[in-house]
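> Can you look at this prediction? I've put the sequence above it.
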Amino acid sequence: MSHNVKGWCPGALRPMESGDGLIVRLRPRASRLGIGQALALADLAEAHGSGEFDLGNRASLQFRGIRQKSLPELHQALHTLDLLDDDPAREARRNILTTPITNDPETLGLSAALEAALAEDLDLPAKFGFAVDTGARAILGGASADIRLERAKEGLIVRADGMALGERVSAATAVERAMDIARWFSAHAADHRRMSTLITAGGEPPLKAASPPLRGEPLQPAETEAGSCVALPFGRLTAATLRALATGPLRLTPWRSVLVGAVVAPAPDWIIDPADPRLRVSACPGKPSCGSASVVTRELAAGLAPHLPGSASLHVSGCAKGCAHPRSADITLTGRMGRFDLIRNGRACDPPALQDLSIDDVHTLLRGPLAPPL
Ligand code: SF4
């Protein structure tokens, strides 16, 4: 099987080639890992790969640098850890983001029931996903999902992404109604890949829109009622970091962070301050980790982070695909043939304001007294 098809979502059963080996993406059930799972994954990363992971924007965990010949052994180990699906199609459908802020039985039960329902052979696009966001407040509204289970003032709702209101449901009916809407999408999507674009184009999901979700804010690195939220620069963590964090069960978030028990001794690279400027910087792995990159990205981004003014955001992308931050940033630096294009208030693929910059040019432009207003 070829592993270098661009534009698909890699999974554990569908790994993707990268400059440093295979990317093997795990979707932990209910966006959670037990202590034993986390410790075993750390060992597997060192035994079969580069010893590093990336946190994904759907609360996934990606092994980096897995060797092709290690795949059968890795798959066997993941199966034993209950982290592997029966087949690639089911794995692709099991795209469920579960809120990290609560462990209440209703939320975990809905996530498990939805996972079981997605065993149904339903034709959905690779990036189509679900959010079980049924804590006291819905905090995953900015994270990628197409069908959302949330909490409204009146109780649970199911909402199609792109609609302001959701249909009131009970815990007993929520998953079946979510699946009804997924089936409707499958039958009516035509060329649309996401629910919100289908709705913008006039699609009307079959639900009785009645209530808005109770909205909350995304988790920031801090001590919270649910535990300590620790972010990792660029979402990269080593096996050693994973072991250090696994003092209790881990809840993965879509914000390059994990929610853990109390942090006793944070490492210097852990982000535990919500004002840390590294939270406003995105960068893909770049060269040499990704074969599409012609520039080194994360070292540059880390060097520029302390110089970012105010609340400005920076995205350093190895190429115009913009994997690390598909949205607009105040400043985006896009690698092209070993140099950088600079885009203001745009995405990595947008027209640049400045072209063909060297690293020295970038530093001169964005650091110190010569920095232009953002
Ligand atoms: S944006 Fe970065 S990670 Fe994505 S394809 Fe380009 S170089 Fe690779």
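Thanks, I have it.
> Can you find the residue of the stretch 51-200 of the chain that comes nearest to the ligand?
With Cβ to the nearest ligand atom as the measure, Asp54 is the residue of the stretch 51-200 of the chain nearest to the ligand, at 9.9 Å. (Glycine included, C-beta is placed from N, CA and C.)
> Now do the contacts for that residue.
23, 61-62, 64, 234-237, 285 (Cβ atoms under 8 Å, 6 or more residues apart in numbering).
> so which of those residues is the most crowded?
Leu61 (26 neighbours; other Cβ atoms under 10 Å).
> so who does that residue touch?
Contact analysis of Leu61 by Cβ under 8 Å, 6+ apart lists 25-26, 28, 33, 41, 53-55, 252.
> ok, for the residue of the stretch 51-200 of the chain closest to the ligand, nearest residue in space, not its chain neighbours?
Excluding its sequence neighbours, the residue lying closest to Asp54 (Cβ to Cβ, 6 or more residues apart in numbering) is Gln62, at 4.4 Å.
> In strands, which of the contacts of Asp54 fall?
Among these, the members falling in strands (DSSP state E) are 23, 61-62, 64, 236-237.
> farthest-separated two in those?
Spanning the widest gap among the ones in strands among the contacts of Asp54 are Ile23 and Leu237, at 14.6 Å by Cβ to Cβ.
> Where does pLDDT dip in the protein?
For the chain, applying pLDDT under 70 flags the ranges 1-9, 264, 368-374.
> So which of the contacts of Asp54 reach the ligand?
When contact is defined as Cβ under 6 Å from any ligand atom, the contacts of Asp54 meet the ligand at Pro285.
> What parts of this structure come near the ligand?
Counting by Cβ under 6 Å from any ligand atom, the chain sits next to the ligand at 284-286, 290, 292-293, 317-319, 321-323.
> Give me the contact list for stretch 213-220.
Under Cβ under 8 Å, 6+ apart, the answer for stretch 213-220 is 100-101, 133, 135-143, 148, 150-153, 157, 159, 166, 229, 253, 255, 257, 259, 274, 279.
> Go through that stretch and flag the buried ones.
Using 16 or more other Cβ atoms under 10 Å as the test for burial, stretch 213-220 gives 213, 216, 219-220.
> and the two most separated of those?
Pairwise distances across the buried residues of stretch 213-220 (Cβ to Cβ) peak at 19.8 Å, for the pair Pro213 and Gln220.
> For Ala117, see how far away Ile272 is.
According to Cβ to Cβ, to the nearest Å, Ile272 and Ala117 sit 37 Å apart.
> ok, whatever residue of the stretch 101-250 of the chain ends up closest to the ligand - contacts?
When scored by Cβ to the nearest ligand atom, the stretch 101-250 of the chain has Phe234 as its residue closest to the ligand, at 11.1 Å. Shown in contact with Phe234 (Cβ under 8 Å, 6+ apart): 54, 256, 281-283, 298, 301, 324.
> hmm, try it at 10 Å
Under the criterion of Cβ atoms under 10 Å, 6 or more residues apart in numbering, the contact list for Phe234 reads 54-55, 256, 278, 281-286, 297-298, 301-302, 316, 324.
> Ala283 now?
Residues in contact with Ala283 (Cβ under 10 Å, 6+ apart) are 233-236, 296-302, 304-305, 314-318, 323-325, 333.
> Likewise for Cys284?
Cys284 is in contact with 54, 234-235, 290, 292-293, 297-298, 301, 315-319, 321-325, 335, 348, counting by Cβ under 10 Å, 6+ apart.
> so what's it closest to, chain neighbours aside?
Setting aside the residues directly before and after it, Cys284 is nearest to Ala324 in space (Cβ to Cβ, 6+ apart), at 4.1 Å.
> Quickly list the domain ranges of this structure.
Domain assignment of the chain by the TED database yields the ranges 16-90+219-260, 102-201, 277-367.
> Skipping adjacent residues, who's closest to the closest residue to the ligand within the stretch 251-374 of the chain in space?
Nearest residue of the stretch 251-374 of the chain to the ligand: Gly318, at 2.6 Å (Cβ to the nearest ligand atom). Excluding the flanking residues, the one nearest Gly318 by Cβ to Cβ, 6+ apart is Ala293, at 2.9 Å.
> can you confirm the one you found is in a strand?
No - with DSSP: H, G, I helix; E, B strand; the rest coil as the criterion, Ala293 is coil rather than part of a strand.
> Distance of it relative to Gly203?
Ala293 is 37 Å from Gly203, by Cβ to Cβ.
> Which one's more surrounded, these two?
Between Ala293 and Gly203, counting by other Cβ under 10 Å, Ala293 is the more crowded of the two (22 against 18).
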